[in-house]
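Visitor: model the following, please.
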Amino acid sequence: MIELMILGLLADGPLHGYALRRRMEQLYGHARAVSDGALYPALRRLREAGAITETVDERPRIAAAERRTLALTDAGRERLEEILRGADGALVSDQSRFFVVLAFLSHLSDADGRTAVLRRRLAFLEGGRSFFVDAEDRPLRSAQLEDPYRRGMLRIARDVRATEVAWLREQIEDAPTEETT
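Guide: Next comes the predicted model:
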């Protein structure tokens, strides 16, 4: 997720390290702070792989630390497309992670690839999963639950899912194909 967010945000344009971290936290949720222990090693790996560049600002320093600007390279754009094209598993089953994929899906130049990611998310949502199961691992419906908060969870999830499924179907139906682009 860290790599995807870095590459995706830099695909939108160069950023200073602090602005990058702030945007990552806004995108992925304030409850999931981006730690230095996760961010800086990821930036180092991406620099070493040639996916991003880092330049030190030439302006006079007011603060003790140098301001560094990060930018995406052609290799970084290729890596971003590779991650987006292959989005599967937790990247399509976990809503927060899928929203990060969705935030950058327009950076995937391949229309069929974008549609394939949306189809994988749709297949997951149509899989009939539930937060709660009975003793035989069968999904429970809200009417089968006594706890009002669990019933509320299922009701909210059902409504959100229905909205997302409708949106996904609309996007897939209206998606251009490689033949039409």
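Visitor: surely residue 49 touches residue 73?
Guide: No: here residue 49 does not reach residue 73: they are 9.3 Å apart, not a contact under C-beta atoms under 8 Å. Placement of C-beta: from N, CA and C, glycine included.
Visitor: between the two, which one's more packed in?
Guide: residue 73 (16 against 13; other C-beta atoms under 10 Å).
Visitor: which ones are touching the more buried one?
Guide: 50-53 (C-beta atoms under 8 Å, 6 or more residues apart in numbering).
Visitor: swap in residue 104?
Guide: By C-beta under 8 Å, 6+ apart, the residues touching residue 104 are 4, 7-8, 11, 80, 84.
Visitor: in a strand, residue 53, correct?
Guide: Yes: under DSSP: H, G, I helix; E, B strand; the rest coil, residue 53 sits within a strand.
Visitor: next up, the contacts around it.
Guide: Going by C-beta under 8 Å, 6+ apart, residue 53 touches 47, 70-71, 73.
Visitor: please parse the chain into its domains.
Guide: 1-107, 110-181 (automatic domain parsing).
Visitor: let me have the ones you listed in JSON lines, adding mean pLDDT as columns.
Guide: Output for the domains of the chain, formatted as JSON lines (pLDDT from 0 to 100):
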{"stretch": "domain 1-107", "mean pLDDT": "90"}
{"stretch": "domain 110-181", "mean pLDDT": "89"}
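Visitor: winner for burial among these?
Guide: Comparing the domains of the chain by mean neighbour count (mean count of other C-beta atoms under 10 Å), domain 1-107 ranks first with a mean of 15.
Visitor: how long is stretch 50-67 end to end?
Guide: 20 Å (C-alpha to C-alpha, to the nearest Å).
Visitor: next: stretch 137-147.
Guide: The first and last residues of stretch 137-147 sit 18 Å apart, counting by C-alpha to C-alpha.
Visitor: start the count at 425 instead of 1 going forward.
Guide: Okay, using 425 as the starting number, the last item reads as stretch 561-571.
Visitor: got the contact list for it?
Guide: So stretch 561-571 is contacted by 552-554, 556-558, 574-575, 578-579, 582 (C-beta under 8 Å, 6+ apart).
Visitor: of the residues you listed, closest to residue 448?
Guide: residue 553 (28.2 Å; C-beta to C-beta).
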